[in-house]
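>>> model the structure of this input:
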Amino acid sequence: MWLVSGSYTGEPETYTVFIHPLLTWFFAFFYQLIPFVSWYSIFIFSLLGISYAIGTISIDSYLKNTSKKALYKSILLIITLHFCIFPQFTLVAGWAAFHAFFILSFSFKEFNRNTFLGLLLLLFGALFRLEATILIFLGFLAFSFYLHEGHKNWKLIGCVILIFVLMYGSQKIWEQQSIHQEYLKFNQARHEVIDHPVFYQMYVNKEFPKDSKWFYFSFWLIEESTVSIEELYEYKEDLNAQYLEGIQIKNSFFRLYDVLSKELFKSFFISLLLILYFLKFRRESKPKIILAAWLIFFLVFNHFFHIRGRVVFLFFIPLIFPLIQNRKEYLSTNLIRITSAIIWILFIAHFGNFLREAKKRRNYILQYESLVSDLPAQPIKLEGIPLEYFSKYFHPTSNIPFLLDGWMANSIFQKKAYKKWNFNSLKEINHYYLIGLKNEPTFNFADYLSSENGEYKLINERETEDLILFEYKKQIIP
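Next up is the predicted model:
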């Protein structure tokens, strides 16, 4: 959002790596046309709203029982509301793709309004995050296309594959002739190391000594680091060689448990979908075999990739296909009503947690503003505080005061942002602020910058209830 709106670099960007250039071009166009409107947010919430509307149409087409309709509409609505509260583009794209396949599975035989809506939703999902859309498509093939003979439509499959090829091919062609080529090579090499499950486990276990070139890299402090792309390629091979060690297989299960234990909303709905699936198909072998194959695929994927909770959740969303498309009765009306009541009660509790989190965020914002209110404008580095807490500063009519890092390291975006502060690289920073949580044991950015650029002197320190601000100036050696 802070790239397409122009709030980070100073001008709306027509390319943001993960989103198709065609879509980011439209975002940039509208931000230039009417900059005070949050077009990115409008797109996300519109996509979620259209997805749910299509979901209700699909449920009404498949189900006749009023209680079952209410249960599945409740499931779709609660998940949609959760995505509205915590909008994340990978999940939004996957959710749009799920509803697109849902309606296309019965409407594609003859072109009508529903077919048009389904294809439009699929196109937007693919433009927004192609990988998420492909994952949902694989789940659709397993749980809808293959599991139910009545839903086999080879024309639909051919159309979907054509859309994916066009999306992937056009993005690659654009990237190969763009000014981002060198950055994209480095970013891919960076991703293959820092997101490698073996590397992640080494980071969790604190295996990198501070004098290692990988220490700061493991904290996503990558901008202008001494790690070269050749070293990234070489280290990736070393990490790959450890994939099949017993400890890494064990660690893959620990990673999965860690994700599920921290994201209870997703864990609850994954458990609910699995329970409903087993209840519905407990006497059928084919659905069980398909689920077993899908779970094996998921566990293998989890072993070879470090996946976050959003991707884990996308793996289980396709279980909704057979629960609705197969009209077999498996729950009594009373049990359906009880299940609906339980999920709404839990969602209300979940919403209460959200309100508490929102209150904490507002409190952090107030503390942040009190820390910087009388300070001269200088770049600010946040450490240990989620950037999403400060989304109010991502408005296109404001300039983000923060130094960002991670996947934008060594990019043209970063160079444009630096020019706002009148320097061209981190080496030219003479004055900056570091803000973090008081209960954080250590802060790494100051040491990283000193290790790369020479010594910085701490000249000021301020505290609030939860936050602490450090002001640094570079030592000038006569």
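>>> helix or strand: which one has the spatially closest residue to Leu331 that is not a sequence neighbour?
Excluding the flanking residues, the one nearest Leu331 by CB to CB, 6 or more residues apart in numbering is Leu279, at 6.7 Å. Backbone N, C-alpha and C define where each C-beta goes, glycine included. For Leu279, the enclosing helix or strand under DSSP states H and E is helix 264-280.
>>> what does that helix contact?
Residues outside helix 264-280 that contact it (CB atoms under 8 Å, 6 or more residues apart in numbering) are 75, 79, 82, 260-261, 287, 291, 309, 312-313, 316, 319-320, 322-323, 326, 328, 330-331, 339, 343, 346, 350.
>>> can you tell me the element the closest residue to Tyr216 other than its chain neighbours falls in?
Sequence neighbours aside, Tyr448 is the residue nearest to Tyr216 in space, at 4.6 Å (criterion: CB to CB, 6+ apart). Assessed by DSSP H and E, Tyr448 sits inside helix 445-453.
>>> can you give me the helices in the stretch 301-450 of the chain?
For the stretch 301-450 of the chain, applying DSSP state H, counting those that start in this stretch gives helices covering 309-316, 320-325, 333-372, 412-420, 445-453.
>>> redo those as JSON lines? Include distance to Ser67, mean neighbour count and mean pLDDT.
JSON lines is the format used below for the helices of the stretch 301-450 of the chain (distance: least, CB to CB, whole Å; neighbours: other CB atoms under 10 Å; pLDDT from 0 to 100):
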{"stretch": "helix 309-316", "distance to Ser67": "23", "mean neighbour count": "21", "mean pLDDT": "96"}
{"stretch": "helix 320-325", "distance to Ser67": "13", "mean neighbour count": "22", "mean pLDDT": "90"}
{"stretch": "helix 333-372", "distance to Ser67": "4", "mean neighbour count": "14", "mean pLDDT": "91"}
{"stretch": "helix 412-420", "distance to Ser67": "51", "mean neighbour count": "17", "mean pLDDT": "87"}
{"stretch": "helix 445-453", "distance to Ser67": "55", "mean neighbour count": "18", "mean pLDDT": "83"}
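>>> now render those helices as a markdown table, adding distance to Leu426.
Below are those laid out as a markdown table (distance: least, CB to CB, whole Å):
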| stretch | distance to Leu426 |
| --- | --- |
| helix 309-316 | 31 |
| helix 320-325 | 47 |
| helix 333-372 | 21 |
| helix 412-420 | 8 |
| helix 445-453 | 6 |
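>>> and Phe45, which of those helices is closest to it?
Phe45 sits nearest to helix 333-372 of all those, at 16.1 Å, using CB to CB.
>>> so that closest one versus helix 264-280, what angle?
Here the directions of helix 333-372 and helix 264-280 differ by 160 degrees (axes from the mean of the first three to the mean of the last three CA atoms, to 10 degrees).
>>> what packs against helix 333-372?
Other elements packing on helix 333-372 under the criterion 3 or more CB pairs under 8 Å, 6 or more residues apart in numbering; DSSP states H and E are helix 66-85, helix 264-280, strand 431-437, strand 467-474.
>>> what residues does the helix or strand of the chain with the lowest mean pLDDT touch?
Across the helices and strands of the chain, mean confidence by mean pLDDT, DSSP states H and E is lowest for helix 445-453: a mean of 83. With contact meaning CB under 8 Å, 6+ apart, helix 445-453 is reached by 210, 216, 219, 221, 224-226, 381, 383, 426-427, 429, 432, 434, 456, 458, 470, 472, 474.
>>> could you rerun that using 10 Å?
The contact list for helix 445-453 (CB atoms under 10 Å, 6 or more residues apart in numbering) reads 210-211, 215-217, 219, 221-226, 381-384, 403, 405, 425-430, 432, 434, 436, 444, 455-458, 470, 472, 474-475.
>>> got it, and stretch 198-209?
Contacts of stretch 198-209 (CB under 10 Å, 6+ apart): 192-194, 196, 214-220, 235-236, 238-243, 245, 247-248, 250-252, 254-255, 258, 306.
>>> one more time with 8 Å, if that's ok
With CB under 8 Å, 6+ apart, stretch 198-209 has contacts from 193-194, 214-215, 218, 239, 242-243, 248, 251, 255, 306.
>>> among the residues you listed, name the buried ones.
193-194, 214-215, 218, 239, 248, 251, 255, 306 (16 or more other CB atoms under 10 Å).
>>> which among those gets closest to Thr66?
Of all the buried ones among the contacts of stretch 198-209, the one with the least separation from Thr66 (CB to CB) is Arg255, at 42.0 Å.
>>> what strand or helix carries the closest one?
helix 246-262.
>>> for the closest residue to Thr226 other than its chain neighbours, list the residues it contacts.
In space, and not counting its chain neighbours, Thr226 is closest to Lys213: 5.8 Å by CB to CB, 6+ apart. Shown in contact with Lys213 (CB under 8 Å, 6+ apart): 225-227, 231.
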